[in-house]
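> what shape does this take:
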Amino acid sequence: MWEPFLARRNPLSSRLALVWLAALLLTLGLGTVANWPVPASAADTIFFKETNLSLSDDHRFLSYWQANGGLAQFGYPITPEILEVNPADQQTYIVQWFERNRFEWHPEFKGTQYEVLMGLLGRQLTIGREGEPPFKSMPDPHAPGFTYFPLTGHTLANSFKTYWETHGSLALFGYPITEEFSEQSTNGKVYTTQWFERARFEYHPEFKGTQYEVLLGLLGNQITGGFGYPEPPPNNVPVKLVVPDRYRTQPFKAERSINLPPGFKISVYVSGLTDPRLMALAPSGDIFITERNNGGGGNGKVKIIRDLNGDGIADETRVYMDNFGPYPHGIAFFGNYLYVAMETKVVRFPYQSGDLTPRGPAQTIINNLPSGQAGVANGHNTRTIVFGPDGKLYVSIGSSCDNCIETDPLRASVWQYNPDGTGGQPFATGLRNAVALGFDPKTNLLWTAVNGRNGLGNEFPPEQLTPLRKGGNYGWPYCVGTDPPRPDPQFGEGKDDFCASQVDRALLTLQAHVAPLGLAFYNATMFPEVYRGGLFVVQHGSATSETSPIFGDGLRFVSTRPGKLQQGVKDFATGWINTNKTNYWGRTVFPLVGKDGALYISDDFAGAVYRISYEG
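Modelled structure (predicted):
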């Protein structure tokens, strides 16, 4: 099943890979690559009782492991073979994780010594450290015993140079991306280390003169948490919704409870809002929120919610912009601006931390987003915006219909712009309504949750949850489903090959019709370790007009740790559906990690924002 999926390749990525291979063969005249050993034949499978996992040669992982150092070099396997998106090229590969690295199977190089490659974990784990002194490039020292790499501006010498040259060199470890420096390892001890594109070398003086004098850092354990990393607990505790007296209005006059994992608490942070949708955390710590006013013509508001005394209850709600439209929805801070996305345009306001009113008039930076069609259901008037680590603005634009062939290239896609609105280009297409957007700070991958089409029953097609590939096409309206995508019964005639071999498949799925509208990576420390770095997805729930009974309310959690990620979503907070399963008392929209580490959730039906905290 995996091979046809992995046979799909971005032609540009393939050409770059070939250029990279040519560089391997020619660079610096080292000559070590030409003598790189072809993996020896191996037994079909080795079972490791230490981790209760096997290593097989189905994708040459066992041969590669044995030919390049085995246990001493890579450690034990800590996951089975899994599908994973590589942050370096946004492609999906079959991988297997080990204590010290990750193996990737590259079918585009099948039959060559590059069929299996180590993951670029050195690059991944040093994201954001480029400004630190050891990472800054330096001129060639022209010193005896040093090899200088102009491509990265770093040198290699001493024991690390010997190890690099004798254990695989460029093909195995990649280029050095730092100089030697002292750094604390995962065991808490400080070693002389050096980072490479695919590894970290550690010098262990306690093993001087042995094969363990230089060891690879335990990067696999660092990213995955290691073998036996715990599962998030189930949300099996009914927790009373705490409602401050000032917010005890409908629907909060009745006692409510939400199912949460042990140790969590939920309260009403603020109520009395009108169609509250997306939120952004201001540099001051205030929460800015859009009120779409979907039932009132679309001229909404931007409000500021403030907790002045830090007690977890909003003390003040201010109107930042009034009579503002059409349909304000996405909101983000970047540079010295507050950005707001509406149905037909994106605007920005000059902003300085602490501003409670606009510092100047709105500047329209994008003015050609499509508006809905009168009388057409599912016209999708929401626009979500996020800024990436590349400083670019990403805008999601839903389809104009439930299922149709669009004529406007802006529809059913995510577009990329410069911060001033120039340079617009499609980033990913074939996305019926990718309302939820967010960047994973660990990998810089852009994730989305996509609302699928209706009319094919309560169980199909599943909603998609996946990182996006630049240039990726996710199939709508010609294909439905993801395992594998199949021709849509309405528009898929003659699209069998397109759906099977050219469509990007979602990494994960959610239940059909649950309408995921927001996602956030948990980047704080209030919640237990198992949630840190993980992904919270907020579902609006199935529409009363589409399914009976209704389902899919609340929050889901996805561990982003390899091996755990592939297990899919887990219930985190549920309980907004009335007991008769025919209606909601609240409908959740969007999650935001607050400055205090709590998770704030907007609710456009109850007109509220909740605060979920951990008290142990």
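> element containing the closest residue to residue 183 other than its chain neighbours, please.
Nearest residue to residue 183, sequence neighbours excluded (C-beta to C-beta, 6 or more residues apart in numbering): residue 193, at 4.6 Å. No exception for glycine: its C-beta is placed from N, CA and C like everyone else's. Residue 193 belongs to strand 190-195 when assigned by DSSP states H and E.
> got the contact list for residue 217?
Residues in contact with residue 217 (C-beta atoms under 8 Å, 6 or more residues apart in numbering) are 100, 185-186, 193, 199-202.
> could you redo the last one with a cut-off of 10 Å?
Residue 217 is in contact with 99-101, 121-122, 125, 183, 185-187, 191, 193-195, 199-202, counting by C-beta atoms under 10 Å, 6 or more residues apart in numbering.
> list only those of the residues you listed flagged as buried.
Among these, those buried by neighbour count (16 or more other C-beta atoms under 10 Å) are 99-101, 121-122, 125, 183, 185, 191, 193-195, 199-202.
> among the residues you listed, find me the one that's closest to residue 589.
In terms of C-beta to C-beta, no member of those lies closer to residue 589 than residue 125, at 33.5 Å.
> hmm, the closest one is touching residue 193, no?
No - using C-beta atoms under 10 Å, residue 125 makes no contact with residue 193, being 11.7 Å away.
> need the overlap of contacts for those two.
Common neighbours of residue 125 and residue 193 (C-beta under 10 Å, 6+ apart) are 200, 217.
> quick revisit: what packs against the strand holding residue 193?
Contact partners of strand 190-195 among helices and strands, from 3 or more C-beta pairs under 10 Å, 6 or more residues apart in numbering; DSSP states H and E: helix 121-125, strand 154-156, helix 158-166, strand 181-184, strand 200-203, strand 214-216.
> which strands and helices sit next to the second one?
This means strand 154-156. strand 147-149, helix 158-166, strand 190-195.
> how about the strands of the stretch 51-200 of the chain, start to end?
Using DSSP state E, counting those that start in this stretch, the strands of the stretch 51-200 of the chain run over 53-56, 82-85, 92-97, 102-105, 116-118, 147-149, 154-156, 181-184, 190-195, 200-203.
> got a markdown table for those strands, with distance to residue 335 too?
Formatted as a markdown table, the strands of the stretch 51-200 of the chain follow (distance: least, C-beta to C-beta, whole Å):
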| stretch | distance to residue 335 |
| --- | --- |
| strand 53-56 | 47 |
| strand 82-85 | 29 |
| strand 92-97 | 33 |
| strand 102-105 | 35 |
| strand 116-118 | 37 |
| strand 147-149 | 34 |
| strand 154-156 | 31 |
| strand 181-184 | 32 |
| strand 190-195 | 30 |
| strand 200-203 | 34 |
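> select, out of those strands, the one closest to residue 522.
Closest to residue 522 of the strands of the stretch 51-200 of the chain, according to C-beta to C-beta: strand 82-85, at 19.3 Å.
> name the residues that touch that closest one?
1-2, 5-6, 91-97, 102, 104, 119, 440, 443, 445, 447, 466-469, 505, 507, 562-567.
> in its sheet, what does that strand sit against?
Using DSSP bridges, the strands paired with strand 82-85 are strand 92-97 (antiparallel).
> can I get the CA coordinates of the partner strand in CSV?
The C-alpha trace of strand 92-97 is given here as CSV (Å, rounded to 0.1, in the frame of the first residue of the first chain):
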residue,chain,number,x,y,z
THR,A,92,6.1,11.6,3.1
TYR,A,93,8.4,8.7,3.6
ILE,A,94,8.5,5.3,5.3
VAL,A,95,10.7,5.8,8.3
GLN,A,96,11.9,4.0,11.4
TRP,A,97,13.2,5.7,14.5
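> how distant is that strand from the center of its chain?
17 Å (C-alpha atoms, centre = their mean, to the nearest Å).
> just to revisit the earlier point, which of the contacts of strand 82-85 are buried, as a PyMOL select command?
The PyMOL command for the buried members of the contacts of strand 82-85 (criterion: 16+ other C-beta under 10 Å) is given here:
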select buried, resi 5+6+91+92+93+94+95+96+97+102+104+119+440+443+445+447+466+467+468+469+505+507+562+563+564+565
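> past the worst-scoring helix or strand of the chain on mean pLDDT, which element shows up next along the chain?
Least confident helix or strand, the chain: helix 11-26 with a mean of 35, by mean pLDDT, DSSP states H and E. Using DSSP H and E, the next helix or strand after helix 11-26 towards the C-terminus is strand 45-48.
> that following strand pairs with which strands?
Sheet pairing for strand 45-48, using DSSP bridges, gives strand 53-56 (antiparallel).
> which non-adjacent residue is nearest residue 184?
Nearest to residue 184 is residue 190, by C-beta to C-beta, 6+ apart, at 5.2 Å.
> which residues sit in contact with the one you found?
In this structure, residue 190 makes contact with 182-184, judged by C-beta under 10 Å, 6+ apart.
> before we move on, what about residue 372?
Residue 372 makes contact with 298, 326-327, 343-344, 378-381, 398, 400-401, according to C-beta under 10 Å, 6+ apart.
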